[in-house]
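Colleague: Can you look at this prediction? I've put the sequence above it.
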Amino acid sequence: MKELAPGIYSLGHGKGGHVHAFLVEARGELSLVDTLFEGDARLVLDALRRLGRSPTDIERIAITHGHRSHLGGLAELKRATGATVYAHRWEADIVAGERRAQAVSILPHQSLRLIPFQLGLWLNRPRHTPCPVDELLDEGDSFGPLHVMHSPGHSPGHLTFWWPERRFLIAGDGIATWPNLCAGWKAFNLNHVQHKASLERLASFDALTVGVGHGDPITENAADHVHQLAEAY
Ligand SMILES: [Zn+2]
Ligand SMILES: [Zn+2]
């Protein structure tokens, strides 16, 4: 766990393609975006303990989109925290286990290190433990202190989050820094026209810090990086 700024914690490790989740605290309330890979949610629960907080202090959990790496701990966290679970309407039935996420090509693309994840989507393995979504989120909604944006392209119901006071952006899989800085894993981005438009929108925020779905957060020259990724896509 790393505190990126007051009230912003980055959680992540090597699994799930160096997947990251973000815990934010405002007015004493905790909100979690994404849930890491492991089904037992131990990294999130460990982080809470280290902060001197209990699981029930998490008020709400949002899922950026219905890809396996981001959903692993959700069912266990719902059980442990009683938090309200949020997702976009397009992703909600994937999260609930009623529909599978769309497969992508299994041909090598960008990096051989992504092939296990391409295969995972293809085979729908390993599956996550399904968890019903309590509330839908969409463009213009609030999630704790964060503003919600619908940012399709990577997936149809992909969400990103913006905390204006901290200039903190959670880009989800719109941007990745593992295995290298890129505009998301390109083979996984289902609609490139939409994805470019979403990137341009993210760039317009001139974020100070950008949390990404895979890899370490961008903490230096973040706005420049996002502008360059949007232009080059
Ligand atoms: Zn994804
Ligand atoms: Zn992902």
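Modeller: Perfect, thanks for sending it. Ligands and ions are numbered 1, 2, ... in the order given.

Colleague: what does the protein put close to ligand 1?
Modeller: Residues of the chain lying close to ligand 1 by Cβ under 5 Å from the ion are 67, 173. For glycine as for every other residue, the C-beta is placed from the backbone atoms N, C-alpha and C.

Colleague: Show me the residue at the heart of the chain, geometrically.
Modeller: The centre of the chain sits closest to Gly172, judged by Cα atoms, centre = their mean, with a distance of 3.7 Å.

Colleague: can stretch 80-91 be found next to ligand 2?
Modeller: No. Using Cβ under 5 Å from the ion, stretch 80-91 stays clear of ligand 2, with a minimum separation of 12.2 Å.

Colleague: what about that stretch, average pLDDT?
Modeller: Averaging pLDDT along stretch 80-91 gives 98.

Colleague: which residues are in contact with that stretch?
Modeller: 32, 41, 45, 55-63, 65-66, 74, 77-78, 95, 131-138, 143, 150, 155-159 (Cβ atoms under 8 Å, 6 or more residues apart in numbering).

Colleague: which ones among the residues you listed are found in helices?
Modeller: 45, 74, 77-78, 95 (DSSP state H).

Colleague: Now render these as TSV, adding neighbour count and distance to ligand 2.
Modeller: Compiled in TSV, the ones in helices among the contacts of stretch 80-91 are given as follows (neighbours: other Cβ atoms under 10 Å; distance: Cβ to the ion, whole Å):
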residue	neighbour count	distance to ligand 2
Leu45	18	21
Leu74	27	14
Leu77	25	17
Lys78	21	20
Val95	26	14
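
Colleague: now, which of those sits nearest ligand 1?
Modeller: Val95 (12.7 Å; Cβ to the ion).

Colleague: Spit out the contact partners of that closest one.
Modeller: 63, 66, 71, 74, 85, 87, 130-133.

Colleague: May I ask you to name the longest strand in the protein?
Modeller: strand 20-26 (DSSP state E).

Colleague: for it, packing partners?
Modeller: Other helices and strands packing on strand 20-26, by 3 or more Cβ pairs under 8 Å, 6 or more residues apart in numbering; DSSP states H and E, are strand 8-12, strand 29-33, helix 42-50.

Colleague: could you give me the average pLDDT of the last one?
Modeller: What helix 42-50 shows for mean pLDDT is 97.

Colleague: list the buried ones in the worst-scoring helix or strand of the chain on mean pLDDT?
Modeller: Counting by mean pLDDT, DSSP states H and E, the chain has its least confident helix or strand at helix 115-123, which shows a mean of 92. For helix 115-123, burial by neighbour count (16 or more other Cβ atoms under 10 Å) applies to 117-118, 120-121.

Colleague: That one near ligand 2 anywhere?
Modeller: No. Judged by Cβ under 5 Å from the ion, helix 115-123 makes no contact with ligand 2; its nearest approach is 7.4 Å.

Colleague: Check which helices and strands that helix sits against.
Modeller: For helix 115-123, the packing partners by 3+ Cβ pairs under 8 Å, 6+ apart are helix 68-71.
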